[in-house]
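**Q** Prediction below, plus the sequence it came from.
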Amino acid sequence: VRARLMGERPGVAVMAEQAAGEILRGDLLRYRRSSRGWMYIYDLTKQFPAAATEGDRRILKNFSGFEDMLAEFDDLAARSESCADAKSLVELAALLDDALAGIPEYLMRNFGPSFQTEQAMEEIESAVCTGIHEERKLLFTDGLSADAYEGSEPRAQSLRASRDGNLKMLQEHEDAARQGIRSIEQAFRNALSLRSEPDVYRADHGVLQNDLLWKVSRCENPQLFEKIVRQEPSAVVVELLIDASGSQSVRQSMVALQSYLFSAALSRIRIPHRVMSYCTYGNYTVLRRFRDYDDKSEADRRILEYRATSNNRDGLALAAAGLDLKKRREEHKIIIVFSDGLPNDMVSGRKREGAPEVYVGDAAIRDTCFQVRKLRREGAHVIGIFLGEDGELENERMIYGASFLRIRRAEDFAGSAGKRLSETLLNL
């Protein structure tokens with residue numbers, strides 16, 4: 001009807017844009033309460049770009065990588081214009097419900113199968129999918145197989161383009177990357193006393209020191225021996241979490257490079273560490289594991305498969321990753337989060353009254369702050385690596401306090417960023 005009226009009466013187009021603006025600004029139809037509603041906002045934003053808000057425009061960016069799902073929605077929207085009656089519209093809406101119900105299988109096709117058992121997932125989700133994350137789901141995956149990167153299909157081409165772009169960034173900054181790895185390695189050595197020389201102190205047993213024998217019968221506690229203690233790297237474990245939301249797409253290769261530098265440096269000094277990225281699509285937060293705690297250094301290269309898409313629930317990712325970290329036996333547990341200080345899950349809203357509030361703005365920041373402080377109370381050290389714009393810098397300070405640093409380029413590690421990392425680690 002709208003299409004026909006716009007053809008017959010030019011003024012209707014202006015009225016339609018005004019109506020779309022009222023819906024997008026005021027959410028008169030409560031679209032932001034469900035994933036399906038956000039698909040309609042996506043449709044309105046495409047048709048009336050001048051009426052969209054800043055947050056609505058960001059939706060288009062965060063849907064990157066899910067073009068086939070959007071194409072199916074566009075097809076259903078186009079077919080709805082030819083529906084003759086209400087029954088036809090209801091039948092068409094059922095097709096959309098079927099498409100949304102297929103999101104878990106869709107995610108496995110695009111991110112990879114889960115490496116967790118069903119029982120393990122039930123236990124994890126019951127522990128962390130609470131409060132503002134109620135009714136949300138998790139997918140833990142090791143990514144897609146090598147075959148997914150082969151062929152001429154759009155998905156394979158997109159995967160190869162992301163990986164090749166990340167690899168090109170590493171190759172173009174090869175010298176800076178080597179220096180960055182050395183700087184990060186030294187920062188950890190300095191802070192955690194992983195020095196090549198051992199700690200030596202006086203004791204009542206150990207290696208006898210002949211020059212101290214004069215103390216015999218002269219001193220009450222002569223301590224004639226020296227004890228040599230080496231701080232083992234195994235006393236430390238690190239969790240690297242990488243924000244893989246669509247807002248990172250403009251700096252995707254730099255995020256991949258910086259994450260790789262950290263992982264490579266930790267491998268050089270044999271500190272066990274796990275590297276995972278996180279993003280949220282629909283009701284699912286996907287945690288993609290690039291390497292596990294005790295993997296060999298060859299696994300670091302998998303980080304170059306990093307790609308940014310969709311939204312992000314930082315608090316839920318922190319809570320989920322923290323479960324495994326707390327089980328580790330190492331005394332010092334460190335979590336390093338690479339993010340833009342903008343936790344935001346605009347698409348996945350609430351479906352009914354009384355459900356948790358939408359994960360945007362202050363609510364999302366409060367939850368991320370809560371999860372960081374909870375992990376610190378439980379004994380973990382949490383550090384933020386800020387990768388965002390100036391406007392989100394205050395969010396990063398609120399979330400991580402003084403334990404964060406900003407790194408814009410790989411070359412920064414050789415200068416102020418490397419020094420700042422050492423200071424941050426020393427203050428843990």
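**A** Nice, I can see it. A quick note: this is a predicted structure, and the numbers were derived from the prediction, not measured.
**Q** Tell me the first helix or strand C-terminal of the lowest-mean-pLDDT helix or strand in the chain.
**A** In the chain, the helix or strand scored least confidently by mean pLDDT, DSSP states H and E is helix 86-101, which has a mean of 61. Stepping forward along the backbone from helix 86-101, the first helix or strand reached (DSSP states H and E) is helix 103-111.
**Q** which residues are in contact with the helix or strand following that next one?
**A** Using DSSP H and E, the helix or strand that directly follows helix 103-111 along the chain is helix 118-128. With contacts defined as Cβ atoms under 8 Å, 6 or more residues apart in numbering, helix 118-128 is touched by 114, 116, 136-138, 140, 316, 319-320, 323. For every residue, glycine as well, the C-beta is placed using N, CA and C.
**Q** just how off-centre is helix 118-128 within its chain?
**A** Computed by Cα atoms, centre = their mean, to the nearest Å, the chain-centroid distance of helix 118-128 equals 20 Å.
**Q** same thing with stretch 133-144?
**A** Per Cα atoms, centre = their mean, the centroid offset for stretch 133-144 relative to its chain is 12 Å.
**Q** Start and end of that stretch, how far apart?
**A** 26 Å (Cα to Cα, to the nearest Å).
**Q** All the helices of the stretch 101-250 of the chain, residue numbers only.
**A** Applying DSSP state H, counting those that start in this stretch to the stretch 101-250 of the chain gives helices spanning 103-111, 118-128, 154-172, 174-192.
**Q** Please render those helices as JSON lines that adds mean pLDDT, mean neighbour count and distance to Gly401 to the earlier fields.
**A** Shown next, in JSON lines, are the helices of the stretch 101-250 of the chain (pLDDT from 0 to 100; neighbours: other Cβ atoms under 10 Å; distance: least, Cβ to Cβ, whole Å):
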{"stretch": "helix 103-111", "mean pLDDT": "80", "mean neighbour count": "17", "distance to Gly401": "32"}
{"stretch": "helix 118-128", "mean pLDDT": "95", "mean neighbour count": "13", "distance to Gly401": "22"}
{"stretch": "helix 154-172", "mean pLDDT": "92", "mean neighbour count": "16", "distance to Gly401": "30"}
{"stretch": "helix 174-192", "mean pLDDT": "87", "mean neighbour count": "19", "distance to Gly401": "17"}
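**Q** Looks like Met169 contacts Val255 (just checking).
**A** No. Contact criterion Cβ atoms under 8 Å: Met169 and Val255 do not qualify, at 9.6 Å.
**Q** thinking again about what came up before, reformat the helices of the stretch 101-250 of the chain into a markdown table and put distance to Thr368 next to each item.
**A** Formatted as a markdown table, these follow (distance: least, Cβ to Cβ, whole Å):
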| stretch | distance to Thr368 |
| --- | --- |
| helix 103-111 | 22 |
| helix 118-128 | 13 |
| helix 154-172 | 26 |
| helix 174-192 | 24 |
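**Q** Looking at those helices, spot the one closest to Tyr278.
**A** helix 103-111 (11.0 Å; Cβ to Cβ).
**Q** now the angle from the closest one to helix 154-172?
**A** Helix 103-111 and helix 154-172 are oriented at 40 degrees to each other (axes from the mean of the first three to the mean of the last three Cα atoms, to 10 degrees).
**Q** who's in contact with helix 103-111?
**A** 65-66, 69, 114, 137, 139, 141, 143-144, 155, 281-284, 286, 288.
**Q** Give me the below-cutoff pLDDT ranges for the stretch 201-350 of the chain.
**A** For the stretch 201-350 of the chain, the stretches with pLDDT under 70 are 201-210, 212-222, 224-234, 346-350.
**Q** Roughly how far does the spatially most central residue of the chain sit from Glu396?
**A** Centrality entry for the chain: nearest residue to the mean C-alpha point is Asp243, 2.5 Å, by Cα atoms, centre = their mean. Going from Asp243 to Glu396 by Cβ to Cβ, to the nearest Å gives 11 Å.
**Q** Could you do Pro104 as well?
**A** Taken as Cβ to Cβ, the span from Pro104 to Glu396 is 32 Å.
**Q** Give me the buried subset of the contacts of helix 103-111.
**A** 65-66, 69, 114, 137, 139, 141, 143-144, 155, 281-284, 286, 288 (16 or more other Cβ atoms under 10 Å).
**Q** Please identify which of the residues you listed is nearest to Lys374.
**A** Using Cβ to Cβ, the buried ones among the contacts of helix 103-111 come closest to Lys374 at Lys137, 21.0 Å.
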